[in-house]
Structures are given as structure tokens and as C-alpha cells.
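Here is a sequence together with a model predicted from it:
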Amino acid sequence: MKRIKVHLDKRLSETHEICIGYDFQDRIGLLIAKEHPANRYVIVTDSNVSGLYGKTFLEKLRELGLPAELLEFPAGEGSKTMDTVLALTSRLLERGVDRHSLLLALGGGVVGDLTGFVASIYMRSVPFIQIPTTLMAQVDSSIGGKTAVNLPQGKNLLGTFYQPKRIFTDLKFLETLSDDEYLNGVAEIVKYGVIDEPGFFELLEREVPAIRERNLEVLKKVIEQSCRIKKGVVEIDEQESGFRRILNYGHTIGHALEASSNFTLAHGKAVALGMIAASGISVQSGYLSLEERDRIENMIRDLGLPVRIPESFPQSNVLERLQMDKKKEGSELPFVLLKKIGIPFITKGVEKSHLEKVLEEMKA
Ligand SMILES: NC(=O)c1ccc[n+]([C@@H]2O[C@H](COP(=O)([O-])OP(=O)(O)OC[C@H]3O[C@@H](n4cnc5c(N)ncnc54)[C@H](O)[C@@H]3O)[C@@H](O)[C@H]2O)c1
Ligand SMILES: O=C(O)C(=O)C[C@@H](O)[C@H](O)[C@H](O)COP(=O)(O)O
Ligand SMILES: [Zn+2]
């Protein structure tokens, strides 16, 4: 197990660590018992992860003498709502959970975002730990302290910045993850390749077959590097006053697609499409070469992610959803564009005609 430190501004939150390795689930309970004393431990998980890992993890904590319990909610993005927040908080109250208790988010990004949000507001905050079980959560959502729920109008419209006390990332969890859910996490890894050093993008290009085969040695390298890239960005700009926005590459259109599908299009797939769209706008605006745009699209296609927007997403609907983006500044909608692979930048807004042309070209 490796330990990667996340150093944050002391005024806002404490430094914590990502413990990353393969097959150390037994040690997670032990480390929690030794290093995170609490009067109650509440595992928060979803209905799929509960059966796969939640109940055995609960037993392990109890075997260590910890007063532990488990709360679950229905799996899926549809649960990332205020209704689930209210249901979870009333169950926490019924069970006497207080500020000396610890929440354990065991699951994918939905579990992590929801549990983090609840932890940040319940009794004006209780501590929580992230135990990510999807690739998406291991490389992205467990790191950085963004918590959120969706509103019918748009993605992640309610949320907080609230850091976990620790992150336990065990790659063994990924062995039960479906190929489809695995691919959603791969999309965010491509994002790091595009916004960070070109060497990482080139490594991903070389390793496309190994990534598709879920080769463990390659995954170890790629997941660790992704965690290092994300934590590096968050350390510079924890609360997204500027630089952290580069992590939103592909997300402006991605979020609009998710909302216009009523959150049935998965986040990773939406981001894959959004990255191609943002690269296309970068070409239209004269910043990025067509050759580099094509390298991005080819990699996304070769990895098995979508590259065309299905007919069920009319352009007018997507444009309407973009107006609900929380990053909007007056009438301008900032975008993360590219000068090159590895050189992202933030624009105040983009030409509507460029946006429309790119969305038209991406139609299936
Ligand atoms: N906070 C952030 O910085 C951040 C970053 C990226 C994504 N997100 C959010 O994360 C969410 C998407 O996360 P996700 O892709 O993990 O989706 P998810 O949490 O819905 O998990 C996907 C599916 O995999 C199942 N699952 C989880 N772990 C499993 C395992 N080990 N084996 C088998 N099945 C398993 C879940 O039950 C679910 O059905 C979105 O809401 C997105 O907005 C947040
Ligand atoms: O951590 C960040 O910052 C990100 O933007 C990571 C994204 O992958 C993630 O999807 C995030 O939830 C998007 O946040 P939002 O503020 O654009 O809703
Ligand atoms: Zn994302």
C-alpha cells in the first residue's frame, strides 16, 4: 500500500492521505480502528455495493469491536438528490449519530458525492472517509472534496467543498465492476492525459489495448498517476477559484448532456462526448490543430467510449441545459479549451456558432 499526501490550505482543512494498493481490504478496518476513533461508524453505500462489500465490511468493523452500522440507498445517479439526503439524514438521527461519529463512503462517485454532502451539512459537519469502489471514484470523485447532488434543472447544482479525512483506494474492488462502468472511469483518465503532461497522453495511447483488457500492472500505474495529477491540481486551488477549472475539461457539454437525458446518460460517457466537443470548439476557435483533436477522438473511440451524440439529444435541448451551468458568468459560459494536448486554458465564453457547428458535426 502506497501513501500519497494531499496537502491543503491549513485554514480550510487538514492534510490527508490517499492509501492506494491492491487487496488490502482487511487492513482498511484496522487502520480505521487505530487511527480514526469515533463513537459510531456508519458505512454509507448503495444497493449494489452493499451486497458485494458493504455487509462483509460491516462484519469486519464489528469483529474489531467497533460500533458500526450500515445505511444503503438505491444504486444509480437517480439517487443523487435532496430526497436521498433527507432520507439518509433522518436515518442518521434515528440511530443517534452525532459529531463524534464517522461516516464511511463505500462505493462509486454517487455514494462519495452524496455521503460527502451529508457529512458536510449534518449537524454542521461530521468527519467522513472515502472508500472508492469504481474506477471513476478511485481516479477522480474521491479526491478533492467536491460534494454534490443534482437538481432536475442541472447537474451538481447543490453542493459543498468538504474534504475526507482519508481515502482508501483498493484496486481489488474493480474486479467486480462491469466493463461499462469501468469505461466511465477511463473517460476521466483520458481527461488527465489531455490536460496534464503530453507524456501521460502518449502512455495512454500506447496502452489502449492493456487498458481495455484491464491489465493490472498498467492500471496500477495509470490510476496512481491520475490520483497524483488530480491531487496536484486540488492542492493549488482547492475551492476552484481558477486553476482547478481545468478538471472541468469536457464537463460543460458533458453535464448538459447528462441533464438533458434526465441523468440516464452516465457521467463518464457524457464527459467523453464533452471532451470531443471541447476539442472541436478549440479547433473552430483557431487554438488546437485538427491533428491533435483527431488524436483525442481516436483514443476515446479506441477505448470503447462513445464519440457521437445520439439522436435522442436534440441540440436545442443541450443548448438550453448549458444555460443552467453553475459556472455561467452573466451571459457568458466559461469553457476549458486546448491549445495543445497538455495545454488547457479557460475561456470566458465561446462563439455560439462554433458550439452549434461542433454539436451538429457530432450527431450520430
Ligand atoms: N466529486 C467529484 O469530484 C466527482 C468527480 C467525478 C465524478 N463525480 C460524480 O460521480 C458520479 C459517477 O460515479 P460512478 O461512475 O462511480 O457511478 P456510480 O457511483 O453510480 O457507480 C456506478 C455503478 O457501479 C456500481 N458499483 C460500484 N462499485 C462497484 C464494484 N466494485 N463492483 C460492481 N459494481 C459496483 C454501483 O452500484 C453503480 O451501479 C457522478 O454523479 C459524477 O458527477 C464526482
Ligand atoms: O474535481 C473537480 O474539480 C472536477 O471538476 C472533477 C470532475 O470530474 C467532476 O465531475 C466534478 O464533480 C465536476 O464538478 P462541477 O463543479 O463541474 O459540478
Ligand atoms: Zn467528472
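Great, that's in hand. Ligands and ions are numbered 1, 2, ... in the order given.

State the distance from whichever residue of the stretch 1-150 of the chain sits closest to ligand 2 to G116.
Closest to ligand 2 within the stretch 1-150 of the chain is G144: 4.2 Å, counting by C-beta to the nearest ligand atom. Glycine gets a C-beta too; all of them are placed from N, C-alpha and C. Separation of G144 from G116 (C-beta to C-beta, to the nearest Å) stands at 10 Å.

out of these two, which sits in the busier spot?
A count of neighbours by other C-beta atoms under 10 Å puts G116 above the other of G144 and G116, at 27 against 22.

circling back to that earlier point, the residue of the stretch 1-150 of the chain closest to ligand 2: what secondary structure?
coil (DSSP: H, G, I helix; E, B strand; the rest coil).

ok, so what distance separates E351 from V358?
From E351 over to V358 (counting by C-beta to C-beta), the distance is 10 Å.

Need the residues touching each of these two.
Common neighbours of E351 and V358, counting by C-beta atoms under 8 Å, 6 or more residues apart in numbering, are Q284.

So for the two, which residue has more residues nearby?
V358 (21 against 11).

can I assume that one is in contact with L288?
No: in this structure V358 lies outside contact range of L288 using C-beta atoms under 8 Å: 11.9 Å.

List the residues that contact whatever residue of the stretch 251-364 of the chain ends up closest to ligand 1.
Closest residue of the stretch 251-364 of the chain to ligand 1, C-beta to the nearest ligand atom: H267 (4.0 Å). H267 makes contacts with 77, 109, 136, 184, 254, 258, as judged by C-beta under 8 Å, 6+ apart.

The first one contacts A259, correct?
No: in this structure E77 lies outside contact range of A259 using C-beta under 8 Å: 10.8 Å.

Looking at the two now, which is surrounded by more residues?
Higher neighbour count among E77 and A259: A259, with 26 against 20, using other C-beta under 10 Å.

buried set for the helix or strand containing L71?
If you go by DSSP states H and E, L71 is part of strand 68-73. Within strand 68-73, the residues scored as buried using 16 or more other C-beta atoms under 10 Å are 68-73.

Excluding chain neighbours, give the residue nearest to A75 in space.
D46 (3.9 Å; C-beta to C-beta, 6 or more residues apart in numbering).

can you tell me if the longest helix that the chain contains touches ligand 1.
In the chain, assigned by DSSP state H, the helix with the most residues is helix 216-236. No: residues of helix 216-236 contacting ligand 1 under C-beta under 6 Å from any ligand atom: none, with a closest distance of 8.2 Å.

Make residue 1 into 790 and carry on from there
That works, and once the first residue is 790, the last one we named lands at helix 1005-1025.

which other residues reach that helix?
Counting by C-beta under 8 Å, 6+ apart, 791, 793, 795-797, 807, 809, 811, 924, 927-929, 932-934, 958, 960, 963, 977-978, 981, 984-985, 989, 992-993, 996, 999-1000, 1032-1033, 1035-1036 sit against helix 1005-1025.
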